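Asks: this one's structure only:
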């Protein structure tokens, strides 16, 4: 059974820092992996999608990497801003017909 | 191009009642998935519809049911509401196995 873990559960950093959020999954046979952002009480905003054949994807200040063999993905946020404060969720899709399996998220707080 | 929209945004129901939540998928997307998110947890998969057929279901009882319409919009129905059904219900639309886009969610409170 696929399980997704995100560590740490919460993270507080000063504005301007570069930071890394971690995601691990127990079964390396995934189709793709997606990172989301969630503001309190709101829906999920898609940040990056990485296909199983890819090693990384970049969008602006965000860079996501994928190491399928070790069951790990990281989300790198450069030059963090207070507006980046949110919960970041990682989700894997086990197969081409499958649903997303989520971690519990990392709650990020960026202090001015 | 419109995004995924859900209605209503908030809802309060009494235990034992029935509820219907609605989702309009993003233009061109034929796959809709529903998730339940309890406070402090990641979303849990309820079921998925592809071209009006259910093609995947998570570990939820039969009182959770759904529909997908020819325009790919969808409904989630929950019968015999229980207090534990209180959660944020999220709808996602996509093309099969492609990037999923979520709506803003429906906050359901069962009292």
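Replies: Structure's in. What do you need? Computed from a predicted structure; not experimentally measured.
Asks: How about the contacts made by residue B:101?
Replies: Residue B:101 makes contact with A:46, B:3-4, B:26, B:29, B:92-94, according to C-beta atoms under 8 Å, 6 or more residues apart in numbering or on different chains. Placement of C-beta: from N, CA and C, glycine included.
Asks: so where is chain B shaky, pLDDT-wise?
Replies: Across chain B, residues meeting the criterion (pLDDT under 70) sit at B:1-2.
Asks: Please name the residues that touch the closest residue to chain A within it.
Replies: In chain B, the residue that lies nearest chain A is residue B:42 (3.3 Å; C-beta to the nearest C-beta). Counting by C-beta under 8 Å, 6+ apart, residue B:42 touches A:4, A:89, A:91, A:102-105.
Asks: so of those, which ones are in helices?
Replies: When DSSP state H is applied, these are split such that none fall in helices.
Asks: and the gap between the residue nearest to residue B:5 when sequence neighbours are not counted and residue B:104?
Replies: Closest residue in space to residue B:5, ignoring its immediate chain neighbours: residue B:24 at 4.6 Å, by C-beta to C-beta, 6 or more residues apart in numbering or on different chains. Residue B:24 is 12 Å from residue B:104, where distance means C-beta to C-beta, to the nearest Å.
Asks: could you list every residue that touches the residue lying closest to the residue of chain B closest to chain A once chain neighbours are set aside?
Replies: In space, and not counting its chain neighbours, residue B:42 is closest to residue A:102: 3.3 Å by C-beta to C-beta, 6+ apart. Residues near residue A:102 by C-beta under 8 Å, 6+ apart: A:4, A:89-91, B:35, B:42-44.
Asks: hmm, back to that, so who does the residue nearest to residue B:5 touch?
Replies: Per C-beta under 8 Å, 6+ apart, neighbours of residue B:24: B:2, B:4-6, B:73.
Asks: which one is residue 54 nearest to, not counting chain neighbours?
Replies: Since you didn't name a chain, this refers to chain A. In space, and not counting its chain neighbours, residue A:54 is closest to residue A:66: 6.4 Å by C-beta to C-beta, 6+ apart.
Asks: Let me rephrase: I mean chain B.
Replies: Closest residue in space to residue B:54, ignoring its immediate chain neighbours: residue B:47 at 5.7 Å, by C-beta to C-beta, 6+ apart.
Asks: right, and that neighbour touches residue B:58 too?
Replies: Yes. Judged on C-beta atoms under 8 Å, residue B:47 makes contact with residue B:58 at a distance of 6.6 Å.
Asks: Give me the more crowded residue out of the two.
Replies: residue B:47 (20 against 16; other C-beta atoms under 10 Å in any protein chain shown).
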